[in-house]
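Novice: the following block contains a protein sequence and its predicted model.
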Amino acid sequence: MSNSVAMDWGFEFQKTNRDRDEDRAAERGGGGGEEEDDDDDGGEADLAAWERAYADERSWESLQEDESGLLRPIDNKSAHLAQYRRRIRSLSSSTSRIQKGLIRFLYLVVDLSRAAAEADFRPKRMVVVAKHVETFIREFFDQNPLSHIGLAIIKDGVAQCITDLGGSPDSHIKALHSKLECSGDASLQNALDLVHGYLGQIPSYGHREVLILYSALSTCDPGDIIETIQKCKKAKMRCSVIGLSAEIYICKHLCEETGGSYTVALDESHFKDLLMEHAPPPPAIAEFAVANLIKMGFPQRGAEGLIAICSCHKEAKVGGGYTCPRCKARVCELPTECRICGLTLVSSPHLARSYHHLFPISSFIEVSLTRPSNSHQRLPRNCFGCQQIFSTTGNIPILRVACPKCKQHFCVDCDIYIHESLHNCPGCESFKDSKPTETAIG
């Protein structure tokens with residue numbers, strides 16, 4: 001009897017507390033149950049400030065495990081330098097006798113399906129892709145001044161060309177930023193059919209390339225994509241794919257058939273590195289590398305006060321521009337193809353900037369800092385390029401490299417600048433300038 005009374009009393013006590021809580025919630029405006037549901041739905045929004053910081057910045061990705069099992073921060077600078085040295089060695093060892101295509105016609109296809117709205121690349125995949133594509137376009141024209149780029153997007157199961165093949169980086173970047181909306185599925189076959197129609201009209205001396213930035217894990221195609229791949233192969237199109245999600249068989253098959261490369265980005269920095277690898281001209285495929293003579297014109301820049309009709313935009317413009325040496329038509333920028341007579345118009349600096357791809361500068365050799373005691377040769381104290389002293393950080397001396405031809409020593413920063421931007425060794429060039437010339441008399 002006493003136990004039943006105690007249980008009834010405990011039930012009444014719990015019920016009284018619950019009624020009291022409901023009454024308090026009703027006094028605050030009611031809807032206590034709805035508030036709990038809202039709290040459950042917005043779990044990430046209710047995170048504390050320090051929790052959101054860790055969730056957004058992903059600081060755990062900057063740690064790595066050492067030999068003893070302890071977590072250490074990743075030395076990004078050392079990893080970047082090591083990767084750079086490996087890339088320079090591979091390029092210098094493999095490009096000495098390889099033909100490269102200096103006139104490239106590249107179509108950049110960006111996947112803007114619903115998969116591009118994923119937030120695994122902060123803030124979204126499409127934002128990260130647009131940011132690095134802008135950098136890639138400017139670097140592409142810096143490395144390939146005689147080449148052209150066209151942009152296409154994939155969304156809602158169709159492919160759309162947003163810019164034609166051209167040499168203006170600003171127009172491509174502006175068009176891409178105006179189309180950053182994700183929807184629908186991706187169709188790889190429609191994208192290949194679209195770019196095949198444009199690249200099929202390119203002259204035989206131009207190297208036809210397609211670079212696809214693919215975010216989806218599937219493709220929604222209207223027909224047999226294998227036949228489309230074979231059609232691209234017959235058209236001598238080199239197709240490369242950079243995946244942002246996972247490896248897909250059909251993308252790998254496309255790259256293998258057409259001689260391109262297929263890679264999958266692990267994070268944002270890795271995606272940037274993979275994208276920038278397509279900026280320098282790739283080695284030409286043996287069966288596609290046919291020698292051709294190309295007629296080129298070197299137009300003169302018009303006077304500033306001259307009024308002429310631009311053949312590019314079909315409107316009158318004042319000052320600037322270039323005049324075709326064959327038909328005297330006016331164009332806005334170089335390089336381009338004259339809309340009137342079809343002559344390829346370039347400038348001499350464009351040819352000079354393309355020269356280093358044919359004869360790349362050799363890789364510098366790392367200098368050993370341990371010299372024998374009886375050696376009469378002393379290491380220079382200053383970098384030949386920037387004239388900075390080779391100091392030491394703690395007990396670790398700064399890495400130095402030497403040119404195998406002129407034997408001058410350079411720091412790593414100068415090494416990167418020489419191989420990626422200057423494309424000439426200052427030591428070798430100064431040696432050429434200081435070499436006396438012999439004159440025959442009589």
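Specialist: Structure's in. What do you need?

Novice: can you pull the phi and psi angles for Tyr214?
Specialist: Summarising the backbone geometry of Tyr214 under the convention degrees, to the nearest 10, its torsions are phi -110, psi 130.

Novice: what's around it, how many residues?
Specialist: Tyr214 has 26 neighbours, counted by other Cβ atoms under 10 Å. All C-beta atoms are positioned from the backbone trio N, CA, C, and that covers glycine.

Novice: same check on Ser68?
Specialist: Around Ser68 sit 6 other residues, with neighbours defined as other Cβ under 10 Å.

Novice: quick one: stretch 424-435 to chain centroid distance?
Specialist: Taking Cα atoms, centre = their mean, to the nearest Å, one finds stretch 424-435 lying 33 Å from the centre of the chain it belongs to.

Novice: how close does Ser218 get to Glu333?
Specialist: Using Cβ to Cβ, to the nearest Å, one gets 40 Å for the distance from Ser218 to Glu333.

Novice: can you check Arg125 too?
Specialist: Arg125 sits at a distance of 32 Å from Glu333 (criterion: Cβ to Cβ).

Novice: more neighbours: the two, which one.
Specialist: Neighbours were counted for Arg125 and for Glu333 using other Cβ under 10 Å; Arg125 has more, 25 against 15.

Novice: tell me, what's the model's pLDDT at the more buried one?
Specialist: The pLDDT attached to Arg125 in the predicted structure is 93.

Novice: need the contact list for it.
Specialist: Shown here is Arg125, whose contacts under the criterion Cβ atoms under 8 Å, 6 or more residues apart in numbering are Ala115, Ala116, Ala117, Glu118, Ala119, Ser215, Leu244.

Novice: one more time with 6 Å, if that's ok
Specialist: Contact partners of Arg125, counting by Cβ atoms under 6 Å, 6 or more residues apart in numbering, are Ala116, Glu118, Ser215, Leu244.

Novice: which SSE is the residue most central in space within the chain in?
Specialist: The structure's the chain has its C-alpha centroid closest to Leu275; by Cα atoms, centre = their mean the separation is 2.9 Å. According to DSSP states H and E, Leu275 maps onto helix 268-276.

Novice: over to Gln230?
Specialist: Using DSSP H and E, Gln230 falls within helix 225-234.

Novice: give the buried residues for that helix.
Specialist: Taking 16 or more other Cβ atoms under 10 Å as the basis for neighbour counts, the residues of helix 225-234 that come out buried are Ile225, Thr228, Ile229, Cys232.

Novice: tell me how far the nearest residue to the first one once chain neighbours are set aside lies from Val195.
Specialist: Residue nearest to Ile225 in three dimensions, not counting chain neighbours: Gln189, with 4.3 Å by Cβ to Cβ, 6 or more residues apart in numbering. Computed as Cβ to Cβ, the Gln189 to Val195 distance reads 11 Å.

Novice: looking at the two, which is more packed in?
Specialist: When Gln189 and Val195 are compared for neighbours, Val195 comes out ahead with 27 against 20, by other Cβ under 10 Å.

Novice: the helix or strand containing that one - contacts with which helices or strands?
Specialist: Following DSSP H and E, the helix or strand that holds Val195 is helix 188-199. The contact analysis (3 or more Cβ pairs under 6 Å, 6 or more residues apart in numbering; DSSP states H and E) places helix 188-199 against strand 158-166, helix 225-234.

Novice: same question for that helix, mean pLDDT?
Specialist: Confidence over helix 188-199 (mean pLDDT, whole number) is 96.

Novice: contacts for it?
Specialist: By Cβ under 6 Å, 6+ apart, the surrounding residues in contact with helix 188-199 are 107, 109, 152, 154, 158-159, 208, 210, 219, 221, 225, 228, 232, 237.

Novice: may I ask which of those residues has the most neighbours?
Specialist: Neighbour-wise, the contacts of helix 188-199 (other Cβ under 10 Å) top out at Ile154, 29 neighbours.

Novice: strands paired with the helix or strand hosting that residue, and their directions?
Specialist: Secondary-structure assignment from DSSP H and E places Ile154 in strand 148-155. Looking at strand 148-155 with DSSP bridges, its paired strands and their directions are strand 104-111 (parallel), strand 158-166 (antiparallel).

Novice: after the first one comes which helix or strand?
Specialist: The reference is to strand 104-111. As assigned by DSSP H and E, the chain's next helix or strand after strand 104-111 is helix 125-143.

Novice: cool, and the longest one?
Specialist: Later in the chain than strand 158-166, the nearest helix or strand by DSSP H and E is helix 169-177.

Novice: now that following helix: how far from the chain's centre is it?
Specialist: Centroid separation between helix 169-177 and its chain, computed with Cα atoms, centre = their mean, is 15 Å.

Novice: now swap in stretch 350-360 and tell me
Specialist: So, by Cα atoms, centre = their mean, the centroid of stretch 350-360 is 21 Å from its chain's centroid.

Novice: what does that stretch contact?
Specialist: Contact partners of stretch 350-360, identified using Cβ under 6 Å, 6+ apart, comprise Thr95, Lys100, Leu102, Pro145, Leu146, Pro281, Pro335, His423.

Novice: just say helix, strand or coil for the fourth one.
Specialist: Using DSSP: H, G, I helix; E, B strand; the rest coil, the secondary structure recorded for Pro145 is coil.
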